[in-house]
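the sequence and its predicted three-dimensional model are supplied below.
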Amino acid sequence: MGKIDPKDFSVVIQGPIIGSATDTEDKQLTVRCIKSIRKHLPGAEIIISTWEGQDVSYLDYDNVVFNIDPGSISYNDYKLKNVYNNNNRQITTTINGLKLATRKYAIKMRGDFYLENAGFIAYLDKYPETNKYKFFSSRILVPMYFFRDPEKAPVLFHISDLFMVGHTSDLINLWDIPLQPEPETTRAFDYSVQFANDPFRNDQFKMRYASEQYIWYAFSKKMGLDLSLNYFCEVPANRISDAIVSTIDNFVVLSIEQMGIDMPDRLKHWEKQLYTFKKWESLYNSLCVKKSKVRLLQAVVTVKMVSARYVFKNFKKALKGKK
């Protein structure tokens with residue numbers, strides 16, 4: 001493979017513009033984002049994909065698309081009444097920005113992220129082996145936040161959607177999906193419904209899919225793979241192996257240091273539930289290089305055991321709450 005030039009990248013900064021022209025420098029996060037791209041990817045194409053009415057006059061970019069806001073929905077009318085699922089906004093700005101990309105590789109990022117270097121280049125096109133679900137020309141690179149490991153928490157195919165690097169054609173393919181239907185995705189169940197193995201019991205999510213799950217579910221459906229679930233923490237035996245293999249086959253999970261990026265501290269949490277690069281690489285070698293059926297069976301059993309542990313954990317909490 002020849003050396004990848006920074007000019008080979010189109011960078012889509014999607015979502016709202018963060019910081020106005022009159023704000024102090026520390027609050028102009030989109031400006032900081034753009035400056036970091038110009039510094040670490042000189043000659044790259046920068047595309048702003050934001051909302052109608054946003055002021056971009058003071059920004060340094062190569063192309064812009066103004067999108068009609070598809071709206072959002074709060075997770076419930078109680079504890080999370082002021083917390084919104086913005087996935088349809090993300091899908092809209094991402095795909096419309098990517099469609100303007102003219103370079104071989106593309107990056108999807110938010111305005112509150114920035115590059116510290118271009119370390120991700122070293123991992124592009126590096127891992128060619130797959131098990132059975134090669135959906136892309138090459139794996140898409142993502143940070144560990146919030147790529148959940150189902151062997152640690154019972155949530156299947158919960159990919160990371162915060163920052164992505166890959167072939168432009170692959171990113172377009174991934175994000176060219178229908179908007180998630182609402183309220184039947186985010187508010188799929190009545191507030192009184194409890195999921196026995198819920199790893200986020202305190203938050204009281206009542207969704208069929210988390211945002212990250214919906215993206216991979218909808219894309220996989222387009223590719224002929226059925227990963228449908230009844231609720232977000234369901235771990236049916238006939239879905240676990242396909243969920244694990246399809247995500248390991250199509251992504252590389254890196255630390256933010258390996259990626260060469262930084263992001264808001266408020267997003268740096270849940271590490272105990274996430275894939276690490278070491279864990280991803282181990283699964284790559286076991287499932288994709290060696291095609292180990294034993295390791296895959298082990299993963300399926302582990303996911304079911306982890307789910308059972310959360311059932312017991314939630315049951316103990318419920319008993320304690322009644323005392």
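Ah, there it is.

tell me which element Val301 is part of?
Element membership for Val301, per DSSP states H and E: helix 293-322.

quick one: buried residues of that helix?
By neighbour count on 16 or more other CB atoms under 10 Å, the buried set for helix 293-322 is 295-296, 299-300, 303-304, 306-307, 310, 314. Yep, even glycine has a C-beta here, placed from its N, CA and C like the rest.

with stretch 189-200 instead?
Result for stretch 189-200 [16+ other CB under 10 Å]: buried residues 189, 195, 197-200.

got it, and stretch 24-36?
28-34, 36.

same question for stretch 79-99.
By neighbour count on 16+ other CB under 10 Å, the buried set for stretch 79-99 is 80, 85-98.

which of those fall within strands?
Asn85 (DSSP state E).

and of the buried residues of stretch 79-99, the nearest to Asp176?
Ile95 (5.7 Å; CB to CB).

which residue packs closest to the closest one, ignoring adjacent ones?
Spatial nearest neighbour of Ile95, excluding adjacent residues (CB to CB, 6 or more residues apart in numbering): Trp175 at 4.3 Å.

with Arg208 instead?
Ala188 (4.0 Å).

count of neighbours near the closest residue to Thr302 other than its chain neighbours?
Excluding the flanking residues, the one nearest Thr302 by CB to CB, 6+ apart is Glu151, at 4.6 Å. By other CB atoms under 10 Å, 20 other residues sit near Glu151.

look up how far Phe312 lies from Glu151.
The gap separating Glu151 from Phe312 is 17 Å, by CB to CB, to the nearest Å.

still on that earlier bit, looking at the buried residues of stretch 189-200, which is nearest Leu59?
Nearest member of the buried residues of stretch 189-200 to Leu59, counting by CB to CB, is Phe200, at 36.4 Å.

quick one, phi/psi of that closest one?
phi -120, psi 40 (degrees, to the nearest 10).

so how far is Ala153 from it?
With CB to CB as the criterion, Phe200 and Ala153 are 9 Å apart.

could you list the low-confidence segments of the stretch 201-323 of the chain?
321-323 (pLDDT under 70).

what would the buried residues of stretch 189-200 look like in TSV with distance to Pro236 and pLDDT?
Below are the buried residues of stretch 189-200 laid out as TSV (distance: CB to CB, whole Å; pLDDT from 0 to 100):
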residue	distance to Pro236	pLDDT
Phe189	17	96
Phe195	13	96
Asn197	12	96
Asp198	16	96
Pro199	16	95
Phe200	19	93
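
using JSON lines, lay out these together with secondary structure.
Converted to JSON lines, the buried residues of stretch 189-200 look like this (DSSP: H, G, I helix; E, B strand; the rest coil):
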{"residue": "Phe189", "secondary structure": "coil"}
{"residue": "Phe195", "secondary structure": "coil"}
{"residue": "Asn197", "secondary structure": "coil"}
{"residue": "Asp198", "secondary structure": "coil"}
{"residue": "Pro199", "secondary structure": "coil"}
{"residue": "Phe200", "secondary structure": "coil"}
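
what's the burial count for Met164?
With other CB under 10 Å as criterion, Met164 counts 24.
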